[in-house]
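Student: Whatever this is, show me its structure:
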Amino acid sequence: MQNPRSRSVPSPYEIPTMKNTKGFVLCEFNSPIDHKPCVAILTLKSSNRKTGNMCQVWILRRDIKPTKAIQSGDDYSVCGNCIHRKNNVTKKRSCYVNAGQSPNTIWKAYNRKIYPDALDNIETVQKYLKGRSIRWGAYGDPALIPFSIFETFNDMAVFHTGYTHQWREKFARIYKHYFQASCDGLNDYLDATAHGWHTFAVLPVGVKDNTYGKQCPATVDNSMTQCITCKSCDGAKQNIFVEAHGSGKKHVQLV
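Tutor: Predicted coordinates for the structure are as follows:
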């Protein structure tokens, strides 16, 4: 695997100001799934109503724009065996993330080299993360990130959330108790919990089933709760379920 510290950043980006920095490159690495070039990027602000203003981590192919990766199937490098990827037979995609929005924008910004290297600016990153929460995997699977990188920066924050569809894979096991195991049916749920994972189950629209644990508080009718205040999905507390949401919600089915 490529050394996650191998990125060389031009000198103008080595000492960012507190005013203009929008994010950092946490690391460049080769996907443990197919060894293709990937990058993990931390952005500092979010207007996401459900999560609140958490810092966000995006896992992208370095060499392919996210929307093109979805069309070609190269998103496999960052999404792995997630069933919400585009199905090449049905052409349907149930992922809640619109890759044409933030993922594409962040990928373009990364290729313009506007994000400083986090490891080269670690004291500055620490200042940005003081008192903040991190959402690992705003796009892509965070269990692909080298654990040393996760540990370094997660320890700077006060709280985190994270979800992985790769929980059956050997490389993801280290993230047990840090990320929720993403589940898409009862077999997933039973298997994940039997192996010691706390789970996050995505159910079809209109389905609420306490078999899968507690409904995501941020999705309860008239709730003002956000992930930033709920703090349930850190891999260490409880099992959560949510009704499918986002642009692909109508395609979500239990497996």
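
Student: C-alpha from now on. contacts and neighbour counts both.
Tutor: OK.

Student: how near is the residue sitting nearest the centre point of the chain to Phe150?
Tutor: Computing the C-alpha centroid of the chain and ranking residues by CA atoms, centre = their mean puts Gly137 first, at 0.6 Å. From Gly137 across to Phe150, the span is 11 Å (CA to CA, to the nearest Å).

Student: and if you look at Asn87?
Tutor: Counting by CA to CA, the separation of Asn87 from Phe150 is 30 Å.

Student: quick one, which of those two is more surrounded?
Tutor: Remark: of Asn87 and Phe150, Phe150 carries more neighbours, 17 against 14, as counted by other CA atoms under 10 Å.

Student: hang on, that one in a helix?
Tutor: Yes. Applying DSSP: H, G, I helix; E, B strand; the rest coil, one finds Phe150 inside a helix.

Student: For Tyr178, see how far away it is.
Tutor: 10 Å.

Student: Quick one: low-confidence residue ranges for this structure.
Tutor: Across the chain, the ranges flagged by pLDDT under 70 are 1-19, 205-207, 209, 244-255.

Student: could you pull out the helices for it?
Tutor: Per DSSP state H, the chain carries helices over the ranges 66-72, 76-79, 102-111, 122-129, 147-154, 186-194, 227-230.

Student: quick one: which of those is nearest Thr21?
Tutor: helix 122-129 (9.5 Å; CA to CA).

Student: Okay, buried residues for that closest one please.
Tutor: By neighbour count with 16 or more other CA atoms under 10 Å, helix 122-129 contains the buried residues Thr124, Val125, Gln126, Tyr128, Leu129.

Student: pretty sure the third one is touching Met156, no?
Tutor: Yes. With contact defined as CA atoms under 8 Å, Gln126 counts as touching Met156 (5.9 Å).

Student: My guess is the residue nearest to the centre of the chain contacts Trp58. True?
Tutor: Yes. Gly137 is within contact range of Trp58, at 5.6 Å (criterion: CA under 8 Å).

Student: Roughly how far does Ala118 sit from Asn20?
Tutor: Taking CA to CA, one finds Ala118 at 15 Å from Asn20.

Student: between those two, which one's more packed in?
Tutor: Set Ala118 next to Asn20 and count neighbours by other CA under 10 Å: Ala118 wins out with 22 against 7.

Student: okay, now Glu169: neighbour count?
Tutor: Quick note: Glu169 (other CA under 10 Å) scores 12 neighbours.

Student: since we're on Cys230, how many residues are nearby?
Tutor: With other CA under 10 Å as criterion, Cys230 counts 12.

Student: Now for it: which residues touch it?
Tutor: Listed by CA atoms under 8 Å, 6 or more residues apart in numbering, the contact set of Cys230 reads Pro217, Ala218.

Student: Can you give me the distance of it to Gln71?
Tutor: Relative to Gln71, and taking CA to CA, Cys230 is found at 35 Å.

Student: same question, Pro142
Tutor: Pro142 sits 21 Å away from Gln71, taking CA to CA as the criterion.

Student: ok so, going back, who's in contact with the residue nearest to the centre of the chain?
Tutor: So Gly137 contacts Gln56, Val57, Trp58, Ile59, Gly162, Tyr163 (CA under 8 Å, 6+ apart).

Student: Neighbour-wise, which one of the residues you listed leads?
Tutor: Across these, neighbour numbers were computed from other CA under 10 Å; Ile59 holds the maximum, 30 neighbours.
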